[in-house]
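K.L.:
quick one, what's the 3D model for this:
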Amino acid sequence: MRELSLDRLRTLVAIVDLGSFAAAARSLNLAPPTVSLHVAELEERIGAPLLLRQRGQVQPSGIGETLVARARRLLADVDHALDEVRGQVEGRTGRVRLGASTGAIAHLLPQALEQLGREHPGIDVQVAVLTSQETLSRLAGGRLDIGLVALPQPGIDGLQVQPWRRDPVMAFVPAAWGRTPARITPAWLAERPLILNDASTRLSRLTAEWFAGAALRPTARIELNYNDAIKSLVAAGYGATLLPHESTAPPPDPRIRMLPVRPALWRPLGLAWRSGALEPATEVVLAVLRGFRQG
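P.N.:
Now for the predicted structure:
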C-alpha cells in the first residue's frame, strides 16, 4: 500500500469520533472485519500503532492523534473540492471566458452580467475586450468559451455562430451645432467633422459602406475604438459620429442629439461558441445572453 487511502483515513477518523470499531462500522456501512483491515493497513503503512484499546474504549495513540488531525483537514478539503466540482456539473458554479468588443461591453453585456449575478452568483464570467476576429481566433484555440461578435462572419470549423440581435446605428451630433435634418444623410454628415470607429472594427466597415452608397469617402477627424470616449468628444463639440444604440440604453448626454440616419443602418451581433458538448456554466451564460436577443 504505497499511498494513504482516503477510505482508510475516513475509517480511522470515524473510530476516534465514535469510540469503537463497531460504531464506526455501522456509521460507514462497513463490515467489522473491513474496519479492522483498514486500521491494520494504515498501521502497516505508518509503521506504528495508531489506536489504543483501554477499558472498552478506543483512543488514538500520539501518532494516531497527529494522523487524525491531518486526516480531518484532508477529508474536509476533499469534500470541499467535490462540492465545487458538483456545483460546476450542475451549472451552479464555474468560470466562463467571454470575448466581446467595447461596443457590446458598454451596455449590453453589463445588463446580462447583472442578471447572471442575481440568478447564478456562483458563475464567474471573465471578460476580454477583443475585436470579433480576435474573439473567433481565441474561441477556435480553446482560450475563450463564448464570444459576442459582429456579423456577418465567415464559417470557421469547430465554431457555432448564431445571430443574436440587431441594433440601429444612429447619428450622434453635438447639440451646439444647432438645427439639423430630421434624418441624417451621408451627404450631410460627410461635410462635418467626424469621429469614427477605427478600421479594425466591423462598425468601421459598416459606416464606410454607408458613405460609399452615396459615393462618399470622408476622412475622420479622429478614429477610436471606445464608444464612451467617442460620445464624450461629441458632447464636447469635437465632431459627429455613427454608433449603435440599444433600445434599453439610457439617453445620451444632453449636449448630444441622437438622430436616425437615412438610409437606415443596422449593427448585427452574433453569439459564438465551440461546437460539441459545453460545460454547464457555459450553457447557463449562453441562455442568459439569449434573453437579450431582441434589439
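
K.L.:
so which strand or helix has Q126?
P.N.:
strand 123-129 (DSSP states H and E).

K.L.:
tell me which helix or strand in this structure has the weakest average pLDDT.
P.N.:
Least confident element among the helices and strands of the chain, by mean pLDDT, DSSP states H and E: helix 102-106 (a mean of 74).

K.L.:
what's next to that helix, contact-wise?
P.N.:
Contact with helix 102-106 is made by 127, 129, 148, 201, 203, 225-228, 243-244, 267, 269, as judged by C-beta atoms under 8 Å, 6 or more residues apart in numbering. Using the backbone N, CA and C atoms, a C-beta is placed for each residue, glycine as well.

K.L.:
tell me which two of these sit farthest apart.
P.N.:
Using C-beta to C-beta, the pair of the contacts of helix 102-106 lying farthest apart is V127 and L243, separated by 20.2 Å.

K.L.:
got the contact list for stretch 12-30?
P.N.:
With C-beta under 8 Å, 6+ apart as the test, stretch 12-30 has contacts from 10-11, 31-32, 34-36, 38-39, 42, 50-51, 56-60, 64, 67-68, 71-72, 75.

K.L.:
so how far is it from its chain's centroid?
P.N.:
Counting by C-alpha atoms, centre = their mean, to the nearest Å, stretch 12-30 is centred 44 Å from the centre of its parent chain.

K.L.:
tell me the buried residues in that stretch?
P.N.:
Within stretch 12-30, the residues that count as buried by 16 or more other C-beta atoms under 10 Å are L12, V13, A14, I15, V16, L18, S20, F21, A24, A25, L28, L30.

K.L.:
what is the end-to-end distance of it?
P.N.:
For stretch 12-30, the first-to-last residue distance is 13 Å (C-alpha to C-alpha, to the nearest Å).

K.L.:
dig out what the closest residue to L113 other than its chain neighbours forms beta bridges with.
P.N.:
Nearest residue to L113 in three dimensions, chain neighbours excluded: V125, at 6.1 Å (C-beta to C-beta, 6 or more residues apart in numbering). Counting by DSSP bridges, V125 is bridged to V96.

K.L.:
which parts of the stretch 151-295 of the chain are helices?
P.N.:
For the stretch 151-295 of the chain, helices defined by DSSP state H, counting those that start in this stretch occupy the ranges 186-190, 202-212, 227-235, 280-290.

K.L.:
check which residues of the helix or strand following the least confident helix or strand of the chain are buried.
P.N.:
Sequence order places helix 108-119 as the next helix or strand after helix 102-106, per DSSP H and E. Residues L108, L109, A112, L113, L116 are the ones in helix 108-119 that count as buried (16+ other C-beta under 10 Å).

K.L.:
not counting sequence-adjacent ones, nearest residue to the second one?
P.N.:
Which is L109. Leaving aside its chain neighbours, L109 sits nearest to A100 (5.7 Å; criterion: C-beta to C-beta, 6+ apart).

K.L.:
keeping just the C-alphas, turn stretch 233-248 into CSV.
P.N.:
Provided in CSV are the C-alpha atoms of stretch 233-248 (Å, rounded to 0.1, in the frame of the first residue of the first chain):
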residue,chain,number,x,y,z
LEU,A,233,-15.9,64.0,-27.8
VAL,A,234,-19.3,64.5,-29.5
ALA,A,235,-20.6,66.2,-26.3
ALA,A,236,-17.6,68.5,-26.3
GLY,A,237,-18.5,69.6,-29.9
TYR,A,238,-15.4,68.0,-31.5
GLY,A,239,-17.4,66.1,-34.2
ALA,A,240,-20.3,63.8,-35.0
THR,A,241,-20.3,60.1,-35.1
LEU,A,242,-22.3,56.9,-36.1
LEU,A,243,-22.8,54.4,-33.3
PRO,A,244,-25.3,51.6,-32.5
HIS,A,245,-28.0,52.4,-29.9
GLU,A,246,-29.7,49.6,-28.0
SER,A,247,-33.4,50.2,-27.2
THR,A,248,-32.7,49.7,-23.4
